[in-house]
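Chemist: 3D model of this:
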Amino acid sequence: MEEVCLNSEPVFDMVDEYEGEGDCSAVEHDDETGSKHSKKEPPLPTIGLEFDSFDEAYDYYNIYAKEQGFGIRVSNSWFRTKKKERYRAKLSCSSAGFKKKSEANNPRPETRTGCPAMVVIRLVDSKRWRIVEVELEHNHQVSPQIKRFYKSHKKMILAARKARPPAEPVTEIHTIKLYRTAAMDAVSNGFSNVSEREGIHQPDHSKHLELKEGDAYAVYNFFCRMKLTNPNFFYLMDFDDDSWLKNVFWADARSRAAYGYFSDTVAIDTTCLTSKYELPLISFVGVNHHGQSVLLGCGFLGHKSVEYFVWIFRAWLKCMLGHQPQVIVTDQCKPLQIAVSEVFPKARHCFCLWYIMQRVPEKLGGLRGFEEIKRQLNKAVYNSLKIIEFETSWTEMIKKHGLGDNKWLQTLYEERKQWVPVYLKDTFFSGMIPIRENESLNAFFDGYVHKHTSFKEFVDKYDLALYRKHLKEATADVQSKNSSFELKTRCNFEVQLSKAYTKEIFDKFQSEVEGMYSCFNTRQVTANGPIVTYIVKERVEIEGNEKEVRSYEVLFETNQVDIRCICSLFNYKGYLCRHALNVLNYNGVEEVPSRYILRRWCKDFKFQHVDRGSTDIDVYSPVYRQSHFHNYAVPIVEGGAQSEEQYKIALHELQELLNKFNLVDDSLV
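Modeler: Numbers count the residues shown, from 1 in each chain. So this is what the prediction gives:
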């Protein structure tokens, strides 16, 4: 299996031979014998493209020139005087400049035109060559159909001949290394043509990404653009031994930065896989300080198996520098369970309650008395405050409707500790899962992906989807910072949290403060040293407009002002419930204890956050430094965009910093 990592590398990967089959724009090419082969153009020279050596950069531009119909030469080179080491070079069209006037009687005619076409390459990090300037336009006619061999092409052909056995037919075969994306080399209309050339058996197409016409080129362009325009872009591609594309993973700079803030609870969305969409999309999603979903990476999965899930989970973990989440929420899927336990052994793995309850009509809809079964199931799942309540309700439902042989319900019951809320009270979900019957979830790419979305269509919409999500977050940041929230009660808890929480989280907390008035008869029932137990009664709505009185048990530790409610809203949502607030108020506590004001919900959270990272990370690696710097840069960018004054300050400081960088670069030359 081949794994290609391009986290801090260029978007083009290296192949052993250039045979002209990777790109999508085919041209006809004449070899030395005059026969024609269907050739495909190498990628256009682009600023940011990198190579392992000067020779590889030269060979790349030479191949490009051969396909376009012009020759090249090294028109300028820069060397460090002390080491006599080349650190910069200009590769120009062979028609660049003009020859000196000859004193001969019969001088050769002038063939140069002062052509401006060229690339400038520069040595970076003392080991890689990067294109830093590009000019593609010529001032003379160039065409691959022009039957002319230039000196640079002749050298290339001679090198190819030496590398081939004498018995091979005399054809022009490029054996130099060319930087390309592996996806373009491995895929032709979705499938590799290796087996056709070499006569080996056809692989199982069901275990590879099935790209249709135009998909491969769209994905290729997407990665090229993202790597060149997104400073901390990361992606991995997974190939089998026959160079068939199996899996793809990527995360842009914002996703990587967001994970530094919101890595506590992560949902792995496999809706496209379970619903058998044409697009095998898998997304890693978190919750930001506004309670909005935020993308933490995504990919394409070639097959729904343990091996493939393990690969993409490890790719994601590698991207996030080995920092594991505390809680992982997934669909109820056996391969997912095995893969999560293997890659994230320390994380608490839970199933998404909403996904499970959405399947109830599909799994039980044909049963007699379905509506009653559904009502009892909802009661057992959503209304149980204690484990004994759930067990009793579930048993009654099974017996009453004769569901003892139902395989799906048997599986649900066996795995109840991973999805039923009453078993998950000690797990912090940061609002990731719904705990009430009327709550729902929307996939991150909801509205951008449908049953028949193609790869090409998705990568075209990717930027738009993320732009709208980022705009929504930025708008919420401005509203939370600059708006004064409307207070609906005289409770000091409301005043206190209006100064700390973002608007969306404050609105949710405010409903709990208002809900304090639906609670009554708060009374102490037991005391065990500093731990006092209270019962708080509340009138809650049930079916229709009916209400019933429910009793909630609240534990209050008087020394540390620690409080726990049996409803466990704080662990589910991240803020105190009305029952706990009632007990605090009953005991004369006028402010919510600081431990119950989570920093992740505060309006200035990103500016206060310090990414401590993982203890096993190489802090001296360029990958770590780039990711770490970007985490600090994002709040500056977002803060600078909130007002004209802040924008000017941020822009001035960044310009000053860039000037200092330029001074350092000049001193090294």
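Chemist: for the one helix or strand residue 456 maps to, which positions count as buried?
Modeler: Assigned by DSSP states H and E, residue 456 belongs to helix 455-482. Under the neighbour-count criterion of 16 or more other Cβ atoms under 10 Å, helix 455-482 has 455-459, 462, 465-466, 469, 473, 476-477, 480 buried. Placement of C-beta: from N, CA and C, glycine included.
Chemist: Next, format these as a markdown table and append distance to residue 263.
Modeler: Listed next are the buried residues of helix 455-482 as a markdown table, based on distance: Cβ to Cβ, whole Å:
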| residue | distance to residue 263 |
| --- | --- |
| 455 | 28 |
| 456 | 32 |
| 457 | 30 |
| 458 | 25 |
| 459 | 26 |
| 462 | 22 |
| 465 | 22 |
| 466 | 19 |
| 469 | 18 |
| 473 | 17 |
| 476 | 20 |
| 477 | 20 |
| 480 | 21 |
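Chemist: Then residue 277 would be within a strand, right?
Modeler: No. Per DSSP: H, G, I helix; E, B strand; the rest coil, residue 277 lies outside any strand segment and is coil.
Chemist: Tell me how many other residues surround the nearest residue to it once chain neighbours are set aside.
Modeler: Distances taken as Cβ to Cβ, 6 or more residues apart in numbering put residue 451 closest to residue 277, at 5.6 Å, once the chain neighbours are dropped. Residue 451: 10 surrounding residues under other Cβ atoms under 10 Å.
Chemist: and residue 451, which of the three is it?
Modeler: Residue 451 - assigned by three-state DSSP - is coil.
Chemist: how near is it to residue 287?
Modeler: 27 Å (Cβ to Cβ, to the nearest Å).
Chemist: Repeat that for residue 511.
Modeler: 18 Å.
Chemist: Tell me which of these two has more neighbours.
Modeler: residue 287 (21 against 11).
Chemist: For the spatially closest residue to residue 558 that is not a sequence neighbour, give me phi and psi.
Modeler: Excluding the flanking residues, the one nearest residue 558 by Cβ to Cβ, 6+ apart is residue 530, at 4.7 Å. Here is the backbone geometry of residue 530 (degrees, to the nearest 10): phi -80, psi -10.
Chemist: Does residue 530 touch residue 562 like I think?
Modeler: No. Using Cβ atoms under 8 Å, residue 530 is not in contact with residue 562; the gap is 9.2 Å.
Chemist: got the contact list for residue 473?
Modeler: Applying Cβ atoms under 8 Å, 6 or more residues apart in numbering, we find residue 473 in contact with 288, 290, 292, 294.
Chemist: Same question for residue 430.
Modeler: 262, 264-265, 287, 573-574, 600.
Chemist: please redo it, this time with the cut-off set to 7 Å
Modeler: 264-265, 287, 574, 600 (Cβ atoms under 7 Å, 6 or more residues apart in numbering).
Chemist: So which residues of the stretch 551-669 of the chain form strands?
Modeler: Taking DSSP state E, counting those that start in this stretch to define them, one finds strands in the stretch 551-669 of the chain at 562-565.
Chemist: ok, now the stretch 101-250 of the chain?
Modeler: Under DSSP E, counting those that start in this stretch, the stretch 101-250 of the chain gives strands at 118-124, 128-135, 178-180, 234-239, 245-251.
Chemist: relative orientation of the first one and strand 128-135 in degrees?
Modeler: What that stands for is strand 118-124. Between the axis of strand 118-124 and that of strand 128-135 there is an angle of 150 degrees, by axes from the mean of the first three to the mean of the last three Cα atoms, to 10 degrees.
Chemist: Give me the mean pLDDT for stretch 378-390.
Modeler: Mean pLDDT, stretch 378-390: 95.
Chemist: May I have the distance across it, first residue to last?
Modeler: 10 Å (Cα to Cα, to the nearest Å).
Chemist: buried sites along it?
Modeler: Neighbour-count burial for stretch 378-390 flags 379-385, 390 (criterion: 16+ other Cβ under 10 Å).
Chemist: next one: stretch 74-89
Modeler: 87-89.
Chemist: Before I go, just wanted to say thanks for your time.
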